[in-house]
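# Below is the sequence, then the predicted model.
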Amino acid sequence: MNLRELTNTEAMAEALREEMIRDPSVFIIGEDLVAHGGIFGQFIGLPQAFPGRVIDTPISETAIVGAGLGAALTGMRPFVDLHFADFTTCAMDEIVNQVAKIRYMFGGQAKIPLVIWAPDGAGLSAAAHHSQSLEAWFIHTPGLKVVSPCFPYDVKGLIKASIRSDDPIIFFMHKKIFSSKGPVPAEEYLIPLGKAEIKRKGKDVTLIAYSIMVLHALEAAKELEKEGIDVEVLDLRTLWPMDWESIAESVTKTHRVLIAHEACVTCGFGAEISARIQEELFDELDAPILRVGAYRVPIPFSPPLERFVIPGKESLIKSIYKILGKEMN
Amino acid sequence: MATTVIMPKLGLTMTEGTIERWLKKEGDRVQKGEPLVEIITEKINFQYESPATGILRKILHHEGEVVPVATPIAIIAEEGEVITEMEGIIPAIQEASPSRPVFQGEKREEIPKRIFASPLAKKIAKEKGIDLSTLQGSGPKGRIIQRDVLQAIEHLKLEEVPPPSPIEIPAGKVIPLKGIRKIIAKRMTESFQNAPHFYLSLEVEMTALQDLRERLREEIEKRTGVRLTMTDLLVKISASALRDHPIMNSRFEGDQIHLMGEINIGVAIALEDGLIVPVIHQADKKSLTEISLSLRDLTQRAREGKLSLEDVEGGTFTLSNMGMLGIDKFSPIINPPQCCILGIGRTVEKPVVQGKEISVKPMAWLTLSSDHRIVDGATAAKFLNQVKRLIEDPALLLI
């Protein structure tokens, strides 16, 4: 295998390029794509490489998602760039009432091979309008698949799998991981939707995470290793469909669970995972399941306040000590 | 009123007993007469019944402990009843809240102490039969967690007290030698090492004895409600033969041979987990009806673990009948310090030559194992032939 170190941005651009070459029905639609290559640079070079297949739109998420939906219904495979996950609110009717339901309401006669790409997350002092993690809304909406990977390898494989999927997909990507690097094979590969992956094996506690929290989780695990605490880090990669088998297998092994996401704890995806574990694996639990997430406040612009509100490595370590009933040094 | 349960004296010679197993847990309700604890003496496994009705409040001596006779081993009292008057004999008793005032005559409701344990700890404890109330939790807020239960299991293993064992025995499992098994192991080794055994076998015709049983069965059943068995008849026959051969009814003790004044015949009874030999005392003086009733009673109590020490003491001769187990012939080990043991095989219809004719007769093998320190072949042979005569012509019993 020919491995290269790519950033998440590069891995995603490569995935888009490959899929556009492979399938002429794939096209990209959003704001500032041709003029700027996208606001985070994911689309640089694509407008030139695929003339007419990267389309700039007016500033209307309603129109962008609506156009994507219409194109998908007619057999195209649109890739919609929403700039910020926060802007899904402007297209909620299209996403929740149309995109998510049409396959069902048409009795399965229509396919919606639509990917809505939505950069999310805080940490860049982008303030309350540009920093949210909204995945729980979409996991809560029947008909949608939700993806939120962390590493370039997973990003590339899952972008390709998402483009080829006939179901509508909300593809979240944390803005702070765009430039983080990782090995990516030059050869073609796909990562199936709905498959989690253990990023670090451990036996004392299962840390279930996704998106940027996987990076924090691995750092926390490294630190705890010095204290003789062996943390297993399970990266969900796809949030829905949820990979219950992988979760159950790990929990059955470690008997202790911490769930981490950057979204606020209240009604976050951690609540669903936690509930499911206690329903099905009650007898396997040796400690209460804990969750780590942001406070339930608008994400502040002030960097110190923002750091205070969103979770990081320290909050994970603190929670793991609590689960194990140990005092922190 | 609280009742102190003491280590019972199950026989004249008993000085101490081992607590084999508590059949109730602390906090369990027990009825008077309900089996409470299994006690082992040198000779038997005994299920001791609760002397009172109430709650088993405190177990003072735990499984595996050897306790002198009359030592308090447990306390039974009503729920909430203060048992401070017993503190003298309970060094470690801990009341949930000794300072709470108690009003006499008023029933106080005791709130059972809630045990905090993780679901996993509870599951493992249930599987392994660990009593969570005996554990100290090391988790947050003193919660009992997996680690505590695993440590307790480890601890138990060290103490060689296995958890209540599953029915199937997995390969490689080690069964610690204890209880009745330990007694059998000790006594049989002692016998086989010390008493030089020799074995005499002969085949007997069972026609007459079978006929006799048929003839007497109905009558005895009408009188006693008990079915006459071949073993009953063989007890009677052995007792009669022993009367004529007193040397066979003896014991080897120290450097002496003791001829025994009474003819007390033990009958080997297979139990689920071992073997026990209750004794029919003065069998030669008992009628067939009495023998039959007595043996039925002993068998039943043996199976229920309710034999007293007297029931198994004083045997002078032992019968072991393996006919019902399909065995043709076997050489039993002497039940020490007795002189001999008679093994009886199954009765089989087979061709027998009589005169010049071959006829089919019910036949059975007898094997007599004897202690050569006491008797020689000829003596034992005479006795065995006497048994054969009586079996083949039971009318001789009347003489």
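Looks like it arrived, so ask away.
# ranges for the helices of the stretch 1-150 of chain B?
Listed in chain order, the helices of the stretch 1-150 of chain B (DSSP state H, counting those that start in this stretch) span B:119-128, B:146-158.
# what does chain A give?
With DSSP state H as the criterion, chain A has helices at A:8-22, A:33-36, A:46-49, A:61-73, A:92, A:102-105, A:135-139, A:152-164, A:212-225, A:244-254, A:269-281, A:303-309, A:313-324.
# now for these, which one comes closest to chain B?
Comparison of those against chain B by C-beta to the nearest C-beta identifies helix A:313-324 as nearest, at 7.2 Å. Heads up, the C-betas are built off the backbone N, CA and C, glycines and all.
# Okay, buried residues for the closest one please.
Buried residues in helix A:313-324, defined by neighbour count with 16 or more other C-beta atoms under 10 Å in any protein chain shown: A:Lys313, A:Ser315, A:Leu316, A:Ile317, A:Ser319, A:Ile320, A:Tyr321, A:Lys322, A:Ile323, A:Leu324.
# again with stretch B:217-231
For stretch B:217-231, burial by neighbour count (16+ other C-beta under 10 Å) applies to B:Ile220, B:Val226, B:Leu228, B:Thr229, B:Met230, B:Thr231.
# Point out the ones among those residues that are inside helices.
Those of the buried residues of stretch B:217-231 lying in helices (DSSP H): B:Ile220, B:Met230, B:Thr231.
# Of the residues you listed, just say which sits nearest to chain A.
B:Thr231 (51.7 Å).
# Name the surrounding residues that touch the helix or strand bottoming out on mean pLDDT in chain A.
Of all helical and strand segments in chain A, the minimum by mean pLDDT, DSSP states H and E falls on helix A:33-36, at a mean of 90. Identification of contacts with helix A:33-36 by C-beta atoms under 8 Å, 6 or more residues apart in numbering or on different chains yields A:Phe43, A:Leu46, A:Pro47, A:Val54, A:Ile55, A:Asp56, A:Asp81.
# let's go with 6 Å and repeat that
Here helix A:33-36 makes contact (C-beta atoms under 6 Å, 6 or more residues apart in numbering or on different chains) with A:Phe43, A:Pro47, A:Val54, A:Asp56.
# pLDDT below threshold where in the chain?
Just going to use chain A. A:329 (pLDDT under 70).
# Chain B was what I was after
Counting by pLDDT under 70, chain B contains low-confidence ranges at B:84-113, B:158-173.
# Spell out which residues of it are next to chain A.
Neighbours of chain A within chain B, by C-beta under 6 Å from any C-beta of the partner chain: B:Ser118, B:Pro119, B:Leu120, B:Lys123, B:Gly139, B:Pro140, B:Ile145, B:Gln146.
# check contacts around the residue lying closest to the third one once chain neighbours are set aside.
Spelled out, it's B:Leu120. Nearest in space to B:Leu120, with sequence neighbours left out and distances taken as C-beta to C-beta, 6 or more residues apart in numbering or on different chains, is A:Asp286 at 4.1 Å. The neighbours of A:Asp286, taking C-beta under 6 Å, 6+ apart as the test, are A:His255, A:Arg256, B:Ser118, B:Leu120, B:Ile145, B:Gln146.
# Report how many residues lie close to the fourth one.
Number of residues near B:Leu120 (other C-beta atoms under 10 Å in any protein chain shown) recorded here: 21.
# With the second one instead?
Around A:Arg256 there are 28 other residues, counting by other C-beta under 10 Å.
# Would you check that it makes contact with A:Ile323?
Yes: the criterion here is C-beta atoms under 6 Å, and A:Arg256 meets it with A:Ile323 at 5.0 Å.
# Now do the shared contacts for these two.
A:Val205, A:Ala287.
# residues touching residue 31, list them.
Looking at chain A here, since you left the chain open. A:Glu31 is in contact with A:Thr57, counting by C-beta under 6 Å, 6+ apart.
# Actually, chain B is the one I wanted.
With contact taken as C-beta under 6 Å, 6+ apart, B:Gln31 is in contact with B:Thr53.
# Let me see the backbone angles for it.
Per-residue torsions, B:Gln31: phi -100, psi 150 (degrees, to the nearest 10).
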